[in-house]
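>>> Here you go, sequence then predicted model.
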Amino acid sequence: MGYREVIHRGRQSLRSRLERAGIGLAAAVPPTGATGASWLKVFPVALDSAPYREAAERTLGGHFLLFGAHDVALGFPPKWNADPKTGKQAPLTFGKALNYRDDRIVGDIKYLWEINRHLEIVGLAQAWYLTGDLRYAHGCQILVESWIEQCPYPHGPNWTSSLELALRMVNWSYAWHLLGADNSPLFSGDSGERFKLRWLAAVRQHCHFIARHLSRYSSANNHLLGELLGLFIGAKTWPFWPESTRWSQAARLEFEAQALLQNGEDGVNKEQAIWYHHEVADMMLHAGLTARAHGCDFGPAFWSRLEAMLEYIASSMDAGGHLPLVGDSDDAVIVRFSPRRDFCVYQSLLASGAVLFRRAEFKAKAKAFDDKSRWLLGDAAAAQFSETPQHGSSQPPKRAFEIGGYYVLGGEFETAREVRVVADAGPLGYLSLAAHGHADALSFTLSVAGIQMLVDPGTYCYHSEQGWRAYFRGTSAHNTLRVDREDQSVFAGNFLWLRHANARCTSFETGPYSDRFSGEHDGYMRLEDPVKHSREITYDHSRCALKIVDSIACQSAHYVEIFWHFAPGCTVTLQDGVVTVRNAAITLQLRCPADLGVRIVRGGEAPYLGWVSQQFDKKVPASTVVASRQTNGNWRGESEITISFADA
């Protein structure tokens, strides 16, 4: 910890102590002026209102959708300080002093915070806008008023994390505009004016809190970007106080700087986690549209970086719309603009990008102009999307992302015979904590004809069940090699890595006959007898086959394991040392190094092995092939995967 961080932490600690004593809290200042410009001049009208009405009715009936997959009955309005998963009621003590990491006090904080981001308020506001049914607008009012009543500033679990306040602000802003802003029917009459002033008082408290408690150092990742996003959008939406201009200007400048800092020039987010890559790209999209609406657009480098981030998504996405689940994922979104269960966050970003950057290949991957893109960009953008040429490139936009460390091998892209391999030789994660990174150096994924075959098993959980947390981010949960049953990198907490494996690509070539990737990492150089792992992956186009050569350089005996994680839909069998894998019309044959023992594990718990988590807090058994042996000194092993199609 450097001296600047020590000073910062000291100041934050002092500030919190003073606030606990009532010094430095947000003063009650009457709002003056008018609401700022909406992100979109004309909201869309060419939408089917039925799914919005259905979603709104479920919300009014007390059902909340958590992490996009968990439908939970909480009542309307819910108990805002209770964990929806366990029912644990968090205390209304001073927020900054509350240990939200202790589940004995707050339950599962991820679940509690998720409902308090107020994603449902936007859905209700959309339903009101599309149908004119005042029940939905009044539902928004009930949610806001009940929240203010149950969550008094600055007490309880909803006044602890600036990121959570910021995301609530973003949803409040969109709902405010959709409800009619200053001319909303909710604000008519004396009672409506009282509600408006009460809501605005809470807005001021949010802006004040975020500005004073921005994440620095250990959380200066997507948390800081999200906080700046909320402060920027909040101050622009409600420019009612003397500090509003300062808040918005400072947040805008720092957001732009952080967006360029946290995302490499090749377009890969430095947290090395695909879901957070999407989250940050989405934050940039929201901030950019808000800035343009207020005449304070970000610079060309900002928009170029966002376009590069979408290129990475398009390059990694297979013909079926799947991406490797690299790094952490919690399935959270900034705003839930689409009520459709088949909504894909990645394809939505590409749909928006197809219009913003006029990219036909983005349109080809997005396939359709989704509801979220329409809400953000309008009906005119939907028409522009339709007019974009239908053809897309038969090759990924890019094959090599040198800064992020990802490389795309394969052939017949975007066809029924596509083979797409994404190899990982990137850093563990961002900054010293690498909070959302996984120990996955030299791992790779494989999809065939848009069907996932070799997968990254995902995340499963964050704060709860530490054994599972350790497994899903550990080396044995990835398609790579492990030495002496040790992870490549050393972790010390749910979001902390003490030692980082440094991986690098040593060569990458693509051609009409073959693609070849070579890489190495130093994660096991820390062992008493240092070990260097090197891997070469070659894809032979004519044979439709992958050759994987693993080498370890060392002096003494070590236990070596190679893991192969197959998608839940795969049927995996082992006979005479050959692994056969079938999924739909695709068949793989895996031959592991001849000197390794091979076994299949499915749903193992002692130790954890053979699981896939494609959604947060959900896991299913899946087949994992393990090839292992005790070696003595240097070792080299060759594996081969041959691919065949039912029509071959």
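Right, received. Where do you want to start? Numbers count the residues shown, from 1 in each chain.
>>> Alpha carbons of stretch 40-56, as PDB, please.
Extracted in PDB, the C-alpha atoms of stretch 40-56 (Å, rounded to 0.1, in the frame of the first residue of the first chain):
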ATOM      1  CA  LEU A  40     -33.200  10.800 -26.300                       C
ATOM      2  CA  LYS A  41     -35.300  13.500 -27.700                       C
ATOM      3  CA  VAL A  42     -38.100  11.300 -28.900                       C
ATOM      4  CA  PHE A  43     -38.800   8.000 -27.100                       C
ATOM      5  CA  PRO A  44     -39.700   5.000 -29.200                       C
ATOM      6  CA  VAL A  45     -43.300   4.200 -30.100                       C
ATOM      7  CA  ALA A  46     -42.900   1.200 -32.500                       C
ATOM      8  CA  LEU A  47     -42.800  -1.300 -29.700                       C
ATOM      9  CA  ASP A  48     -45.200  -4.100 -28.600                       C
ATOM     10  CA  SER A  49     -46.500  -3.000 -25.200                       C
ATOM     11  CA  ALA A  50     -47.500  -6.500 -24.200                       C
ATOM     12  CA  PRO A  51     -44.200  -7.800 -22.700                       C
ATOM     13  CA  TYR A  52     -43.800  -4.400 -20.800                       C
ATOM     14  CA  ARG A  53     -47.300  -4.700 -19.400                       C
ATOM     15  CA  GLU A  54     -46.700  -8.300 -18.400                       C
ATOM     16  CA  ALA A  55     -43.500  -7.400 -16.600                       C
ATOM     17  CA  ALA A  56     -45.100  -4.400 -14.900                       C
END
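>>> can you give me the mean pLDDT across that stretch?
On average, the pLDDT along stretch 40-56 is 96.
>>> Enumerate the positions of it that are buried.
Within stretch 40-56, the residues scored as buried using 16 or more other C-beta atoms under 10 Å are 40, 43-44, 47, 49, 51-53, 55-56. Quick note: C-beta positions are derived from backbone N, CA and C, even for glycine.
>>> which residues sit against it?
Applying C-beta atoms under 8 Å, 6 or more residues apart in numbering, the contact partners of stretch 40-56 are 123-124, 126-131, 133, 136, 139, 178, 289, 293, 339-340, 371, 374-379, 382.
>>> Got a quick ChimeraX command for the buried subset of these?
Buried residues among the contacts of stretch 40-56 (16+ other C-beta under 10 Å), as a ChimeraX selection:
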select :123,124,126,127,128,129,130,133,136,139,178,289,293,339,371,374,375,376,377,378,379,382
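>>> What about the contacts of stretch 40-56, which are in helices?
Of these, the ones assigned to helices by DSSP state H are 123-124, 126-131, 136, 139, 178, 289, 293, 371, 374-377, 379, 382.
>>> element containing Glu54?
For Glu54, the host element (DSSP states H and E) is helix 50-60.
>>> Give me the distance from that helix to the chain's centre.
26 Å (C-alpha atoms, centre = their mean, to the nearest Å).
>>> Repeat that for stretch 514-523.
Averaging C-alpha positions (C-alpha atoms, centre = their mean) puts stretch 514-523 26 Å from its chain's average.
>>> Grab the nearest non-local neighbour of Ile148.
Using C-beta to C-beta, 6 or more residues apart in numbering and skipping the chain neighbours, the partner closest in space to Ile148 is Ala202 (5.2 Å).
>>> Give the helix, strand or coil label for that neighbour.
Here Ala202 is recorded as helix under DSSP: H, G, I helix; E, B strand; the rest coil.
>>> Let me know the pLDDT of it.
98.
>>> Name the next helix or strand following the helix holding Glu54 along the chain.
strand 63-66.
>>> Tell me which other helices or strands that following strand touches.
strand 70-73, helix 109-116, helix 119-131 (3 or more C-beta pairs under 8 Å, 6 or more residues apart in numbering; DSSP states H and E).
>>> Tell me the strands beside it, with direction?
strand 70-73 (antiparallel) (DSSP bridges).
>>> Please identify the buried residues of the strand it pairs with?
His70.
>>> Could you look up the next helix or strand downstream of that strand?
With DSSP H and E, the next secondary element past strand 70-73 is helix 103-106.
>>> Now do that next one: everything it contacts.
Contact with helix 103-106 is made by 83, 86, 88, 90-91, 98-100, 109, 112, 157, 463-464, as judged by C-beta under 8 Å, 6+ apart.
>>> cutoff 10 Å now
By C-beta atoms under 10 Å, 6 or more residues apart in numbering, the residues outside helix 103-106 that reach it are 81-83, 85-86, 88-91, 93, 98-100, 109, 112-113, 156-157, 160, 463-464.
>>> any idea how far that helix is from the chain center?
Counting by C-alpha atoms, centre = their mean, helix 103-106 comes out at 25 Å from the chain centroid.
>>> Just the pLDDT for Arg15.
81.
>>> shouldn't it be in contact with Pro154?
No. Between Arg15 and Pro154 there is no contact under C-beta atoms under 10 Å: 11.7 Å.
>>> remind me which residues of this structure are low pLDDT?
For the chain, applying pLDDT under 70 flags the ranges 1-9, 218, 390-393, 648.
>>> What is the end-to-end distance of stretch 537-547?
In stretch 537-547, first residue to last residue: 6 Å (C-alpha to C-alpha, to the nearest Å).
>>> how many degrees apart are the helix or strand containing Leu163 and helix 119-131 in direction?
Assigning secondary structure by DSSP H and E places Leu163 in helix 162-178. Relative orientation of helix 162-178 versus helix 119-131 (axes from the mean of the first three to the mean of the last three C-alpha atoms, to 10 degrees): 10 degrees.
>>> Quick one: list the elements packing against helix 162-178.
Helix 162-178 is packed against helix 109-116, helix 119-131, helix 134-150, helix 189-212, helix 222-237, helix 274-293, helix 371-377, with contacts defined by 3 or more C-beta pairs under 10 Å, 6 or more residues apart in numbering; DSSP states H and E.
>>> change it to 8 Å
Counting by 3+ C-beta pairs under 8 Å, 6+ apart, helix 162-178 packs on helix 109-116, helix 119-131, helix 189-212, helix 222-237.
>>> wait, which of those is closest to Asp522?
Ranking the helices and strands packed on helix 162-178 by proximity to Asp522 (C-beta to C-beta) places helix 222-237 first, at 27.1 Å.
>>> Which strands or helices does the closest one pack on?
Using 3+ C-beta pairs under 8 Å, 6+ apart: helix 222-237 touches helix 162-178, helix 189-212, helix 244-262, helix 274-293.
>>> Keeping just the C-alphas, turn the last one into CSV.
Yep, that's helix 274-293 we're talking about. The C-alpha trace of helix 274-293 is given here as CSV (Å, rounded to 0.1, in the frame of the first residue of the first chain):
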residue,chain,number,x,y,z
ILE,A,274,-16.2,-10.7,-20.1
TRP,A,275,-19.2,-9.7,-18.1
TYR,A,276,-17.4,-6.7,-16.7
HIS,A,277,-16.2,-5.9,-20.2
HIS,A,278,-19.9,-5.7,-21.2
GLU,A,279,-20.7,-3.7,-18.0
VAL,A,280,-18.0,-1.1,-18.7
ALA,A,281,-18.9,-0.9,-22.4
ASP,A,282,-22.6,-0.3,-21.3
MET,A,283,-21.5,2.4,-18.9
MET,A,284,-19.6,4.1,-21.7
LEU,A,285,-22.7,3.9,-23.9
HIS,A,286,-25.0,5.4,-21.3
ALA,A,287,-22.5,8.2,-20.4
GLY,A,288,-21.8,8.9,-24.0
LEU,A,289,-25.4,9.3,-25.0
THR,A,290,-26.0,11.6,-21.9
ALA,A,291,-23.0,13.7,-22.8
ARG,A,292,-24.2,14.1,-26.4
ALA,A,293,-27.7,15.1,-25.2
